[in-house]
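>>> Got a sequence here, can you build the structure:
(one chain, ligands or ions: 1)
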Amino acid sequence: MRVIRADRIRATVEVPSDKSISHRALIFNAIADGPATIERILDSEDVRATARCLEALGVPIDWPQDSPVARVTGQGLHGLFESDEILDCANSGTTMRLLMGLLAGHPLLSVLTGDESLRQRPMARVIGPLRQMGAHIHARTGDTLAPVVIKGGGLTGTEYQSPVASAQVKSALLLAGLYADGKTAVTEPATSRDHTERMLSAMGAPLTAGGTTVTVEPATSPLHALSLRVPGDISSAAPWLVLAACHPDAELVLEGVNVNETRTGLLDILTAMGASIELMEERMSGGEPVADILVRSSELRSTSVSGGVVPRAIDELPLVALLGCFAEGETVVRDAAELRVKESDRVEAVVEVLGRMGARITAHPDGFTVHGPAKLHGARIDGRGDHRIGMLGAIAGSLASGETRVENDAVGVSYPDFWHDLAQAAEGGMISA
Ligand code: S3P
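Numbering: from 1, shown residues only. Okay, the predicted model is just below:
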């Protein structure tokens, strides 16, 4: 797509539904005790991949094309069937890792694969602890990469200290723990998103959370089916928050955004940088705190991001590099080596994309430093088939002089209407194929 700088940013955007919650609503309801209706489910490539895998495991899902409502008929804790197909998780790490945990609990033979990007992402972080619990798992390249073959069942609970703060790892082990003999406790170096804990608890799972440890007991009674309305995704609100904060003439309202504090690291970073942000109409929806967010043009100052805020902003950190281009001084992101194993190596990708556009940015093994302010100019950008990098390129292009071309943007993974919403918000700019 071609992008030309916008003169003015004005819009009210109903951001797409939360991807993490949409996956979980499908997976957890698949093993619940009856039908559930998921309203405002995210209709994106990643979530469709989860639905297809569950259908292949015998779960009836009624989710017509372009429909925001999915009906899942839960099969109970032990009602999945062995799939006679390979389960294709496409580009979705959440699909693969959560299903690995779930399938480790079932005495079935399952094979999971994904696209070229997913087949290069680390799976040992889930395979190791699931094996420790007794699952039989084999995978490519020293049992580290998908495709993954699982023969589950006969698990024993474990106490696992995860070396990474990862909600995917935590969720996989908690799902397996429901099927294990004895309790399973997962401790993380810092708290990652807690949607699994919230949703499984609401469904009656025997789960307790304290500090950075979550414990699950074996499920002795069925999970209650949970109908819910999925709130907006703060990771999809993030491009707008950053665009408005950096643009000199901007005012945006983002409606119905999930502001669960395990996800609001970007709001803390924006506040530390002096951005004008206001949370309005704070309320609860689908067991999660939700708010409308008003964001305006802002004078930004640089900041340092490290430690506990990193997992709370992990998918938004590429956009923090763009904020750094509009802030006076050095903006530094550290403790974020996880960026290198996302849908692309996001440290390398951010440095390349913004570097081509005139940013002064250097990579570190676990993050980057941006020297601001910088005058960005249009360039030809490769989104590397990574939705977060595609959207970064588009937002940077809406702020830069000249024309930006974004290739391989992959926005359909989490935000199929992204280009449409950008064209609406970016007055005087140009978005064209
Ligand atoms: C997700 C967790 C995060 C995040 C991903 C979605 C989830 O990954 O980056 O986009 O839904 O649990 P990690 O758990 O690997 O950090």
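>>> Can you name the residues of the stretch 101-250 of the chain that neighbour the ligand?
Proximity of the stretch 101-250 of the chain to the ligand, by CB under 6 Å from any ligand atom, involves residues 166, 167, 168, 171, 192, 193. Where you see a C-beta, it was placed from the backbone N, CA and C, and this is true even at glycine.
>>> can you pull the contacts of the third one?
By CB atoms under 8 Å, 6 or more residues apart in numbering, the contact list for residue 168 reads 93, 94, 97, 98, 126.
>>> neighbour-wise, which of the residues of the stretch 101-250 of the chain next to the ligand leads?
Neighbour counts for those, by other CB atoms under 10 Å, peak at residue 171, which reaches 31 neighbours.
>>> in what helix or strand does that residue lie?
Element membership for residue 171 (DSSP states H and E) is helix 167-178.
>>> Quick check: buried residues in the very next helix or strand once past that helix?
As assigned by DSSP H and E, the chain's next helix or strand after helix 167-178 is strand 184-187. Within strand 184-187, the residues that qualify as buried are 184, 185, 186, counting by 16 or more other CB atoms under 10 Å.
>>> now, which of the residues you listed sits nearest the ligand?
Lowest distance from the ligand to the buried residues of strand 184-187 (CB to the nearest ligand atom) belongs to residue 186, with 11.9 Å.
>>> Look at that closest one and report its pLDDT.
What the model reports as pLDDT for residue 186 is 98.
>>> same check, this time on the one 10 residues further on
As summarised for this prediction, residue 196 has a pLDDT of 98.
>>> from memory it sits against residue 169, does it?
No. Using CB atoms under 8 Å, residue 196 makes no contact with residue 169, being 10.8 Å away.
>>> Counting neighbours, go ahead and name the busier of the two.
Comparing residue 196 with residue 169 by other CB under 10 Å, the one with more neighbours is residue 196, at 30 against 25.
>>> Now do the strand or helix carrying the more buried one against helix 167-178, angle only.
Assigned by DSSP H and E, residue 196 belongs to helix 195-202. Angle between the axes of helix 195-202 and helix 167-178 is 30 degrees (criterion: axes from the mean of the first three to the mean of the last three CA atoms, to 10 degrees).
>>> Which strands or helices does helix 195-202 pack on?
Packing partners of helix 195-202 (3 or more CB pairs under 8 Å, 6 or more residues apart in numbering; DSSP states H and E): helix 19-30, helix 167-178, strand 207-210.
>>> could you dump these to JSON lines with distance to residue 46 and mean pLDDT?
Formatted as JSON lines, these follow (distance: least, CB to CB, whole Å; pLDDT from 0 to 100):
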{"stretch": "helix 19-30", "distance to residue 46": "6", "mean pLDDT": "98"}
{"stretch": "helix 167-178", "distance to residue 46": "12", "mean pLDDT": "98"}
{"stretch": "strand 207-210", "distance to residue 46": "25", "mean pLDDT": "96"}
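>>> Rebuild the ones you listed as TSV, extending it with distance to residue 130.
Shown next, in TSV, are the helices and strands packed on helix 195-202 (distance: least, CB to CB, whole Å):
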stretch	distance to residue 130
helix 19-30	16
helix 167-178	6
strand 207-210	18
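>>> And the contacts of the helix holding residue 196?
18, 20-21, 24-25, 28, 167, 170-171, 174-175, 178, 207, 209, 214, 216, 223, 226, 260, 287-288.
>>> Alpha carbons only: can I get it in PDB?
Provided in PDB are the C-alpha atoms of helix 195-202 (Å, rounded to 0.1, in the frame of the first residue of the first chain):
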ATOM      1  CA  HIS A 195      -6.700 -13.400  30.200                       C
ATOM      2  CA  THR A 196      -6.400 -17.100  30.700                       C
ATOM      3  CA  GLU A 197      -6.600 -16.800  34.500                       C
ATOM      4  CA  ARG A 198      -9.600 -14.500  34.300                       C
ATOM      5  CA  MET A 199     -11.600 -16.600  31.800                       C
ATOM      6  CA  LEU A 200     -10.800 -20.100  33.200                       C
ATOM      7  CA  SER A 201     -11.700 -18.900  36.800                       C
ATOM      8  CA  ALA A 202     -15.000 -17.500  35.500                       C
END
